[in-house]
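[1] below are the sequence and a predicted model for it; my questions follow.
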Amino acid sequence: MDTLGLDIPLVSAGRYERPRRAGQWLPLVYGAMHLGGEGGLWPAVCIDTAEHVYALAGHALLELEAGNQVTLYDREGEPIPEADYTLNPAHDYQGRGVIATATFAAEAKDKEPITVRAAGKAGATGELLQNPLEVVRDILVEVCGLAPESIEPSAYSRAWARAQELGYRAAGVIARPQPAGRLVTAVLGEFLGSWWQGADGRYKFFLDLGPGTAGEGELAYCFREEHLSSVTAGANLRDLCNQVGARYAYSPRLKDCEAGPEDTLARDPASIGLYGLRPRTLELKWVREGAVARRICTRLVDLLARPRRVITCQEDALAGMVLEKGDLALLSLSWLYDAAGQPLVNQIVRVMSIEPQLDQGLVRYTLWDTGYYKTLAYPADGTWPADGSRRAGGEKDTREY
Amino acid sequence: MLSLSQGFHRARRERNRRPQVWFYLVNAFGARVYGERFPSDQAAGLMAAVRADGTWLADGRRRAGEGSLTLLERGARVLSYGRLRETLTPVRGRLGASLKQEEPGNLTLTLSNAGPKQGRPFSRLEAVENLLGARAWLVVGYPELPVREWLTRFVGRVTAYRLDARRITLSLRAE
């Protein structure tokens, strides 16, 4: 079933007995939605007009003891005194599933729309879900009901670790149903990540390729020059960017970002000198912290301040049939050079597309030059003298595979 | 209409004469000039320079070599000048709309990448220098005319390229 093409199932206020408006959706809230910007961020939904109960989210929120700072705002944008209501971040209201609620002591209709600012959903360990990979996994598995084994575990773990290492934290609100696949693309795209469905039907996640992120085992194939024909390399100026700023801290209430882009600006002066100014402004609806937005801008400039080659080629054998979109492979070409002016040897490329032509026994590939090459590491175990003839790590592997 | 010198105008009216066309490529590293034939000293900017040939007085008002180009390479590498497209007609859409929209000239040019296996000029340029964003001129002229009277027919930047072992195709956009 095309689960990711279907809308994310949100709970509506109509499933409770006395809602103000039955058609209102209870939002899904992820990440540190108490940070950034000002005022309330999303509307609370009145689910019981008699008892003055408002749903803050369609699931439990992070426990108050775990540091969740929940603030409610009235229609004027003023904070509502905490004495006016009782918070319950995990409330099985009317026995219809756990949600987060605020119960007012008296009628609060004159305060509507009441808006909320709070940290979002917690994971199984009780900690806030904010790694973008955790958020995506929660949406797919816990909300959309995708089987956990549908997610390819090694790609997921690698991307998760990369997001942790880079300090990526996602925060956002899903206020209305939308196709899950589109949302996953939007969330990962903001963190320079992508996803696809592999040939085995499992979903694979990928975050940008940086030094040291690809292990030996991930190099799925080695393209040999003698088997390749019609090889061309190309690049386009429009893909290049050397100055990136981001607008962030999106407010669903205002439908606009409340911060940036000046404080997030990342530039590569050398690239600007060579290629001219190629500016880009991102709109990060799933980022609330300036530090995270700056990191994304810096990563994007690191990745795109220099032209990245796209290589198209044809292999006159079906040996590369094992490859699938997104895989990493090695490529050596004697007529194409690296940044040091040396022929391309064991350059790491990512498979962007693959077109097997089975009747002709050949495969056409589109490969993206990552700019990195396979390295050799010499362990400091006494085998090699420290005479400067070898580098402990990062030395180019020029062996033929 | 482009302005021409009288000399250029006279030369182009002569029958059976084709002007020479040179392609100048300038990036942060320097200038290169290419043609279908090997560019002359004049095309390479060497003749236009102030030479110590008795024409000039050594009175300090001019410097020897002034006006010359510092070339990284010149060669007969142009395989095809392609087609220069400058039009008011949009590629798609209505003519009326074209009068309101930007339709910059563009040119696709093919150059030879021939050379020793590990010394192909455009493979090296593409890897080591800035090929994207490099400025380009297409200059048309006649050998007997001074370079200053040659016609600059196109000025643009390299916006994309496609490279293989034998040739490179540059996509240029006017600016």
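    Looks like it arrived, so ask away. All values derive from a computational prediction rather than experimental measurement.
[2] for residue A:284, which non-adjacent residue is closest in space?
    residue A:248 (4.4 Å; Cβ to Cβ, 6 or more residues apart in numbering or on different chains). For glycine as for every other residue, the C-beta is placed from the backbone atoms N, C-alpha and C.
[3] buried stuff in the helix or strand hosting that neighbour?
    Taking DSSP states H and E as the definition, residue A:248 sits inside strand A:243-251. Using 16 or more other Cβ atoms under 10 Å in any protein chain shown as the test for burial, strand A:243-251 gives A:243-251.
[4] quick one: residues in contact with that strand.
    Strand A:243-251 is contacted by residues A:35-37, A:39, A:41, A:172, A:256-262, A:264-268, A:272, A:277-290, A:292-294, A:296-297, A:300-301 when judged by Cβ atoms under 8 Å, 6 or more residues apart in numbering or on different chains.
[5] where do the strands sit along chain B?
    Here chain B has its strands, by DSSP state E, at B:20-27, B:30-35, B:71-75, B:78-80, B:84-85, B:106-112, B:135-141, B:151-163, B:167-174.
[6] quick one on the thing from earlier: possible to save the buried residues of strand A:243-251 as CSV with distance to residue A:332?
    Formatted as CSV, those follow (distance: Cβ to Cβ, whole Å):
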residue, distance to residue A:332
A:243, 34
A:244, 32
A:245, 38
A:246, 37
A:247, 42
A:248, 41
A:249, 46
A:250, 45
A:251, 51
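[7] got CSV for the strands of chain B, with distance to residue A:119, mean neighbour count and mean pLDDT too?
    Output for the strands of chain B, formatted as CSV (distance: least, Cβ to Cβ, whole Å; neighbours: other Cβ atoms under 10 Å in any protein chain shown; pLDDT from 0 to 100):
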stretch, distance to residue A:119, mean neighbour count, mean pLDDT
strand B:20-27, 51, 21, 91
strand B:30-35, 57, 20, 92
strand B:71-75, 59, 17, 88
strand B:78-80, 62, 16, 93
strand B:84-85, 56, 15, 68
strand B:106-112, 52, 19, 91
strand B:135-141, 52, 19, 90
strand B:151-163, 46, 19, 91
strand B:167-174, 49, 20, 93
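[8] ok, which of those strands comes nearest chain A?
    Among the strands of chain B, the nearest to chain A by Cβ to the nearest Cβ is strand B:151-163 (4.2 Å).
[9] what packs against the closest one?
    Packing partners of strand B:151-163 (3 or more Cβ pairs under 8 Å, 6 or more residues apart in numbering or on different chains; DSSP states H and E): strand A:228-236, strand B:106-112, helix B:121-128, strand B:135-141, strand B:167-174.
[10] would TSV of the ones you listed with distance to residue A:222 be doable?
    Below are these laid out as TSV (distance: least, Cβ to Cβ, whole Å):
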stretch	distance to residue A:222
strand A:228-236	11
strand B:106-112	30
helix B:121-128	21
strand B:135-141	37
strand B:167-174	26
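[11] select, out of those, the one closest to residue A:207.
    Smallest distance to residue A:207 across the helices and strands packed on strand B:151-163 (Cβ to Cβ): 22.9 Å, for strand A:228-236.
[12] what about residue A:98, how many residues nearby?
    Look at residue A:98: counted by other Cβ atoms under 10 Å in any protein chain shown, it has 14 neighbours.
[13] the helix or strand that residue A:159 is a member of packs against which elements?
    Under the criterion of DSSP H and E, residue A:159 resides in helix A:153-166. Other elements packing on helix A:153-166 under the criterion 3+ Cβ pairs under 8 Å, 6+ apart are helix A:132-137, strand A:203-207.
[14] could you check how far residue A:49 is from chain B?
    The gap separating residue A:49 from chain B is 55 Å, by Cβ to the nearest Cβ, to the nearest Å.
[15] and that residue, what pLDDT?
    As predicted, residue A:49 sits at a pLDDT of 93.
[16] my guess is it meets residue A:20, correct?
    Yes: counting by Cβ atoms under 8 Å, residue A:49 touches residue A:20, with 5.7 Å between them.
[17] quick one: common contacting residues for the two?
    Shared contacts of residue A:49 and residue A:20 (Cβ under 8 Å, 6+ apart): residue A:109.
[18] spell out which parts of chain A neighbour chain B.
    Counting by Cβ under 8 Å from any Cβ of the partner chain, chain A comes close to chain B at A:230-238, A:240, A:273-276, A:307, A:334-341, A:343.
[19] do that again at 10 Å, thanks
    Contacts of chain A with chain B, taken as Cβ under 10 Å from any Cβ of the partner chain, map to A:225, A:230-240, A:270-271, A:273-276, A:278, A:306-307, A:309-313, A:333-344.
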